[in-house]
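Asker: Okay, predicted coordinates and the sequence, questions at the end:
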Amino acid sequence: MQLQPSFRAGYVSVAGMPNVGKSTLVNRLVGSKLAIVSPHPQTTRSVVKGILTTDAAQIIFFDTAGIHSPKDKLGQYMVYHALRTFTDADLIYLLVDPHLPGDPEINIINDVRRCAKPVFLIINKIDTVHKPTLLPIIDAYSKKMAFHEIIPVSARTGDNVERLLDLTVQHLPESPPLYPPDIMSDQIERNFIAEFIREKIYYNTRDEIPYSSAVVIEDMKERPGGGAYIRASIYLEKESQKGILIGKNGTKIKKIGQEARIDIESFLGYPVYLDLQVKVEKYWRKNIKALKKLGYASSP
């Protein structure tokens with residue numbers, strides 16, 4: 001890759017309420033699946049850095065948890081770290097659904113306004129609405145804040161994403177690359193693997209199970225015959241949840257393992273033996289010590 005003389009590099013915080021499509025957009029922009037996606041809100045818990053490098057620029061995206069009113073220590077952790085990315089960002093994307101702003105959106109607008117950083121309003125999911133309905137939405141948001149750009153997109157289809165990238169580069173400072181040009185994330189392998197497993201839990205369970213689960217990679221080593229052995233613990237909050245996650249005769253946990261293994265093998269490029277164990281860490285979402293044990297190391 002031949003970098004241009006006027007190369008630009010910087011950080012972009014992708015913020016918004018839960019389930020507005022932040023991870024889908026970052027995956028689309030970077031061109032690879034870096035963050036898990038599910039229909040459940042609050043799927044993203046930690047900040048994921050996705051890195052896009054072209055011959056003109058390097059953009060480091062902070063894919064953040066949805067900003068909401070937290071009900072436990074985990075929620076506080078998620079919102080705290082989402083808001084902290086505003087400090088490091090050169091540019092903030094405020095991602096919203098295609099409807100008129102309500103109190104939750106106005107609260108986030110107030111948060112980003114206090115940062116005194118350039119802010120793009122990105123109206124996502126435009127593939128789900130008729131184009132004329134966007135005009136009053138744009139007008140309503142324009143009256144709430146003087147956004148540097150207002151860009152309707154569809155993260156799912158890619159509609160208008162190239163324009164978003166072009167405008168983003170224009171708002172970044174001139175700088176050499178901040179990361180090696182050939183990497184797409186600073187996440188380590190174990191983090192990706194844990195997230196692949198957690199995604200399958202979200203897709204295969206209901207009610208409180210997705211939100212009560214955390215995944216820790218306990219062991220990962222080469223196998224003598226090739227590939228790798230991976231042992232992962234899935235932590236739940238209550239003993240009663242174990243039977244639901246495991247399923248009758250172990251059918252549910254087996255399905256989760258099979259689906260996760262496909263993604264893990266695609267990511268690693270070699271076969272793996274995935275050993276899933278289900279454990280209980282009582283009410284870990286409300287306990288700071290438990291949060292740190294399960295990898296949510298830095299809490300407010």
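Answerer: Okay, I see it. Numbering: from 1, shown residues only.
Asker: my read: Gly16 touches Ile92, true?
Answerer: No: the criterion here is Cβ atoms under 8 Å, and Gly16 misses it with Ile92 at 10.1 Å. Quick note: C-beta positions are derived from backbone N, CA and C, even for glycine.
Asker: Would you enumerate the residues in contact with the residue nearest to Ile60 when sequence neighbours are not counted?
Answerer: Take Ile60 and drop its neighbours on the chain: the residue closest to it by Cβ to Cβ, 6 or more residues apart in numbering is Tyr11, 4.9 Å away. Residues in contact with Tyr11 (Cβ atoms under 8 Å, 6 or more residues apart in numbering) are 60-62, 85, 88-91.
Asker: Name the helix or strand for Tyr11, please.
Answerer: strand 8-16 (DSSP states H and E).
Asker: buried sites along that strand?
Answerer: Neighbour counts over strand 8-16 (16 or more other Cβ atoms under 10 Å) mark 8-16 as buried.
Asker: pLDDT of it, averaged?
Answerer: The average pLDDT within strand 8-16 is 93.
Asker: Check the offset of that strand from the chain's centre.
Answerer: Computed by Cα atoms, centre = their mean, to the nearest Å, the chain-centroid distance of strand 8-16 equals 13 Å.
Asker: Next secondary structure after that strand?
Answerer: Heading C-terminal from strand 8-16 (DSSP H and E), you reach helix 22-30.
Asker: Quick one: mean pLDDT over the next helix-or-strand element following that next one.
Answerer: Where DSSP H and E defines the elements, the next helix or strand beyond helix 22-30 is strand 48-53. For strand 48-53, mean pLDDT rounds to 83.
Asker: do the same with stretch 197-210
Answerer: Average pLDDT, stretch 197-210: 88.
Asker: Just the CA trace of it, in CSV.
Answerer: Backbone C-alpha positions of stretch 197-210 (Å, rounded to 0.1, in the frame of the first residue of the first chain) are rendered in CSV as follows:
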residue,chain,number,x,y,z
ILE,A,197,-19.3,-17.7,21.8
ARG,A,198,-21.3,-14.9,23.4
GLU,A,199,-23.0,-14.0,20.1
LYS,A,200,-24.3,-17.6,19.8
ILE,A,201,-25.7,-17.5,23.3
TYR,A,202,-27.6,-14.4,22.3
TYR,A,203,-29.0,-16.1,19.2
ASN,A,204,-29.9,-19.3,20.9
THR,A,205,-31.4,-18.2,24.2
ARG,A,206,-34.1,-15.8,25.4
ASP,A,207,-35.2,-13.7,28.3
GLU,A,208,-32.5,-13.0,30.9
ILE,A,209,-29.9,-15.6,29.7
PRO,A,210,-28.2,-13.4,27.1
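Asker: lowest average confidence, helix or strand, in this structure?
Answerer: In the chain, the helix or strand scored least confidently by mean pLDDT, DSSP states H and E is helix 73-88, which has a mean of 72.
Asker: Any stretches of this protein with poor pLDDT?
Answerer: 1-2, 32-48, 66-82, 186-188, 297-300 (pLDDT under 70).
Asker: Which parts of it are strands?
Answerer: 8-16, 48-53, 57-63, 91-96, 119-123, 149-152, 214-222, 228-236, 272-280 (DSSP state E).
Asker: among those, which is nearest Ile137?
Answerer: Nearest to Ile137, of all those, is strand 119-123, at 6.3 Å by Cβ to Cβ.
Asker: Parallel or antiparallel, list what pairs with the closest one.
Answerer: Sheet pairing of strand 119-123 (DSSP bridges) gives strand 91-96 (parallel), strand 149-152 (parallel).
Asker: So what touches that strand?
Answerer: Outside strand 119-123, the residues touching it (Cβ under 8 Å, 6+ apart) are 25, 91-98, 112-113, 134, 137-138, 141, 145, 147-153, 164, 167-168.
Asker: Same question for stretch 253-270.
Answerer: Contacts of stretch 253-270 (Cβ under 8 Å, 6+ apart): 33, 189, 192-193, 196-197, 199-201, 203-204, 226-228, 230, 245-247, 271-272, 274, 276, 278.
Asker: Can you report how many residues lie near the residue nearest to Gly227 when sequence neighbours are not counted?
Answerer: Nearest residue to Gly227, sequence neighbours excluded (Cβ to Cβ, 6+ apart): Pro271, at 3.8 Å. Summarising burial for Pro271: neighbours were counted as other Cβ atoms under 10 Å, giving 13.
Asker: residues contacting Pro271?
Answerer: 226-228, 265.
Asker: Give me the domain ranges for this protein.
Answerer: Annotated domains of the chain cover 8-170, 189-293 [automatic domain parsing].
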